[in-house]
Each structure stands twice: as structure tokens, then as C-alpha cells.
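# The following block contains a protein sequence and its predicted model.
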Amino acid sequence: MAITCKAAVTDGKGNFKIETIVVQSPKDDEVLIKVKAAGLCHTDHDSLRWGKPLIIGHEGAGIVAEVGKKVTGLSPGDKVILNWAMHCGKCFQCLEGNEHLCEVASPVAAGGNGYTPGHADPMGTTMDGQPILRSFNIGTLAEYTLVKAGAVVKNNSEKMSFPAASIISCGVMTGYGSVINAAKVKAGSSVVVLGTGGVGLNVIQGAKIANAGSIIAVDINPVRLWMAKKFGATHTLLADKNDTGLLQAALEVKELTGGRGADYAFECTAIPELGAAPLAMVRNAGTAVQVSGIEQDITIDMRLFEWDKIYINPLYGKCRPEIDFPEIIKHYENGSLLLEQMITNTYTLHNLDKAFDDMLKGKNAKGVIVFD
């Protein structure tokens, strides 16, 4: 039975409207989700200019409304978290253990051609009688969404709110996974986090869970540095926005790390000019991690790589949803990972303009759209 509901739809030219869409019942391997909350991040705002109409949003949590005949392990009424990095389990990358880089199902890595928003069949979702694509093939800024079963992870937490669950599927996973899965931070080590927005705060939380010895947060915003302490930073450095490449901040980091530099540094600013900044923060043979997904040309002083430094650019914290989401839920349940506290404000779908504005002005650690 088709459902008529509301969704945020962009024209691909920088604009969006709240439109009426029609979502069909699921086919064999599909699941219909009643969305209860959708997290916002800068990628959602970027999607307004991806050159084609689509339903925006790629972080979300909700309730299973209906399942296809061949779907197992999910039933109507189940609480779930949506995962945008779907995987086939059979391609080269999946067999290598890189589910987040699936060459068949991932909307980012499929075919190795970079991101092609909404490249898959819109799967029974229409607007004005015409098929409409969904951001990352899930389009969570909608009251209902129809997805492949592989995009759904069951949430067994009794106490986790839907807004808290909604932010796991990108911002939390990216920060946490960059520490745990990608860098594999060692206990007792020193960690620097450049930029303490939503992703940076989750890098801090991941480093705390990994039992890092020191966690140094660097930002130009004193309010965000206050939040960084709340989420586990042991030291904070207020950077100067005119500090090119954060080289002055790097000297302060070295003073805090015995003169040699940190063991690990994570760039979470999304500022292209700071793409090389973590290299300046780490010791010889240290690891620099570019978390925020910079995709512009930048100039790097190759001397920053001296000596034996490692620079990695992981996607989505190397997410393995069926493994990582339950682990994140477990850390939440035992109090070692904060989620509710990360949500600065919630908004209705009709206040999406305000939510984007607050995000762009740096007012929120995380803003979330909530649905009735």
C-alpha cells in the first residue's frame, strides 16, 4: 500500500522545499522505514548543489513499518538505525574486509568512480508521478523511506532515543571508526584532534575508548573546546585562525608531547588548507589521519612527511555496520560514549532552514530533525 508523506527535496541548484512524495510497499529485499529522527551534517548541505533533484539526508533512525518477503531478522515495530554504506558481501573489496568500499552497492565507492548521488533505482519513491532519487540511496529527511535490507541495522537499546540513534550512522561512526578501525590507536598513546565539531568530538570519544594517554583538542572556537573537554579531551589549544597550516599550534602540541609530537593526529575541520596540518602534529613514524573527506587540490610541503610518517584518508571510519553499530550501542549503554549530550538542538522538518543555518554558524555539536 502506497504511503503519501513529506520530504525535503533539493533541486540540485542550492535550493530545497518540503514536498509531498509517494512511497510504495517494499519488494522482496526491501524495508519500509518510518523515520523518527535524522541527523544533519555538512554533507547534507553540500547535497543541495549536486546537480540533480533528490531527497536529502543520510543519517537516520526509525521504526520498521513493513518488510519484503525475503527479508529476515527484521519485523514491523523494530527500532533501527539506517546505514548509507551498503555492501554486497561478494565483491573484491567486501571479500578483503572493506565493506565500506563495496564496488557494487556503496553509493560512494561503487565502480571506483567517486560519489554518484542516488545512482541506484529510486525504488518506488515518486514525486508528482515521477521517480525521485534519494541522497546516498536512503534520503532520511523524509517521513518514510524505502531502502534495501542491507541499509538497516537493528537497535536493541531500550534507553537510546531516536535522535541519539540517528547520528550514529555517519558523524559518530566516522569519528569513532577513524580511531578504532583505521588508525587503531594504542592505549597510552597521544592523540591530537584538529576541529571539534560533531565528527571531531567522536574522534575524541573514540580515543578515550581506546584508552589514549592524552587527547589534545585544537579549535578556534572556545565554546567547542569546552565541549571537547566534556567529551574526553585532556588538553585544549585555542588556535589562531591566521595560523597558516596550524604550524604554531603544532609547536604547542610538541611541547605537550615531550618535544617530539603526537603519536596520532586527526584532521576534522573540513578546511582544505588544513589537509596537511595533522602531519605537522605527529612525531617521526606517527600517523596522520584526514577524516573530513577533503576533495580539493591542495599544496603539501613534503618535508612534513619526514620521517616515516603515515598519512591515511579512511572513508566512514572503515564501517562494518553489523559489527560497529552494536559496539557503539554497547559503549553508549555502559556510559563510555555520549550521544544524547552531543545533540545541541532538535528541529522539525519545516524548520530545516534554521537547522542548516545553525549548523553553518557552528552553533551545534549536532542538530537533528525529529518527526512525529
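Okay, I see it. Numbering: from 1, shown residues only.
# Would you list the phi and psi of T145?
Main-chain dihedrals, T145, degrees, to the nearest 10: phi -140, psi 150.
# burial of it, as a residue count?
As a burial measure, T145 scores 30 neighbours (other Cβ atoms under 10 Å). In short, each C-beta sits where N, CA and C put it, glycine included.
# What residues are bridge-paired with it?
Here T145 sits in beta bridges with I33, going by DSSP bridges.
# Next, the contact list for it, please.
The neighbours of T145, taking Cβ atoms under 8 Å, 6 or more residues apart in numbering as the test, are V23, L32, I33, V35, I55, G60, G62, L82, T125, R134, I138, G139.
# What's the separation between it and H350?
Distance check for T145 against H350: by Cβ to Cβ, to the nearest Å, it reads 18 Å.
# Can you get me a residue count around L349?
By other Cβ under 10 Å, 20 other residues sit near L349.
# Surely it touches F371?
Yes. Contact criterion Cβ atoms under 8 Å: L349 and F371 qualify, at 6.8 Å.
# Please identify every residue contacting each of the two.
E143.
# circling back: now, the contacts of T145 that are in helices?
Secondary structure of those is defined by DSSP state H; no position falls in helices.
# nearest to G367, of the residues you listed?
Set against G367, the nearest of these by Cβ to Cβ is G60 (13.6 Å).
# Please look at the closest one and A38 and confirm they touch.
Yes. With contact defined as Cβ under 8 Å, G60 counts as touching A38 (4.5 Å).
# Between those two, which contacts overlap?
Taking Cβ under 8 Å, 6+ apart as the criterion, G60 and A38 both touch T140, S166.
# closest to G195 among the contacts of T145?
G60 (24.0 Å).
# Could you find the closest non-adjacent residue to that closest one?
T140 (3.1 Å; Cβ to Cβ, 6 or more residues apart in numbering).
# What distance do you get for the one you found to G175?
In terms of Cβ to Cβ, T140 sits 19 Å off from G175.
# Between these two, point out the one with more neighbours.
T140 (33 against 26).
# thinking that one is in contact with G57, fair?
Yes. If you go by Cβ under 8 Å, T140 and G57 touch, sitting 3.6 Å apart.
# Find residues that contact each of these two.
Common neighbours of T140 and G57, using Cβ under 8 Å, 6+ apart, are A38.
# Next up, phi/psi of A212, please.
Dihedral angles (degrees, to the nearest 10) for A212: phi -60, psi 150.
# I'd like the distance from the closest residue to T244 other than its chain neighbours to V223, if you could.
Spatial nearest neighbour of T244, chain neighbours left out: E273 (7.9 Å); criterion: Cβ to Cβ, 6+ apart. For E273, the distance to V223 (Cβ to Cβ) stands at 23 Å.
# Give me the distance between P26 and I138.
Distance from P26 to I138, by Cβ to Cβ: 14 Å.
# before we move on, what about T126?
Taking Cβ to Cβ, one finds T126 at 16 Å from I138.
# who has more neighbours, those two?
Between T126 and I138, counting by other Cβ under 10 Å, I138 is the more crowded of the two (29 against 14).
# Show the model's pLDDT score for that one.
I138 is assigned 93 on the pLDDT scale.
# Do me a favour and get the backbone dihedrals for it.
Per-residue torsions, I138: phi -130, psi -30 (degrees, to the nearest 10).
# And D219, by the same measure?
phi -160, psi 160.
# where does the stretch 51-200 of the chain have low pLDDT?
Within the stretch 51-200 of the chain, the stretches with pLDDT under 70 are 109-122.
# Break down it into its helices, ranges please.
Counting by DSSP state H, counting those that start in this stretch, the stretch 51-200 of the chain has helices at residues 92-95, 162-166, 171-177, 198-209.
# dump the residue contacts of the residue sitting nearest the centre point of the chain.
Centrality entry for the chain: nearest residue to the mean C-alpha point is C170, 2.3 Å, by Cα atoms, centre = their mean. Taking Cβ under 8 Å, 6+ apart, we find C170 in contact with G39, C41, T43, H58, E59, W84, Y316.
# beta partners for the first one?
Taking DSSP bridges, one finds V368 as the beta-bridge partners of G39.
# Assess the claim that it and S166 are in contact.
Yes. Using Cβ under 8 Å as the test, G39 is close enough to S166 to be in contact (4.6 Å).
# what is in contact with the two at once?
Here G39 and S166 share the contacting residues E59, G60, V368, scored by Cβ under 8 Å, 6+ apart.
# show me the contacts for the second one.
Read it as G60. Residues near G60 by Cβ under 8 Å, 6+ apart: I33, V35, A37, A38, G39, I81, L82, I138, T140, T145, S166, S169.
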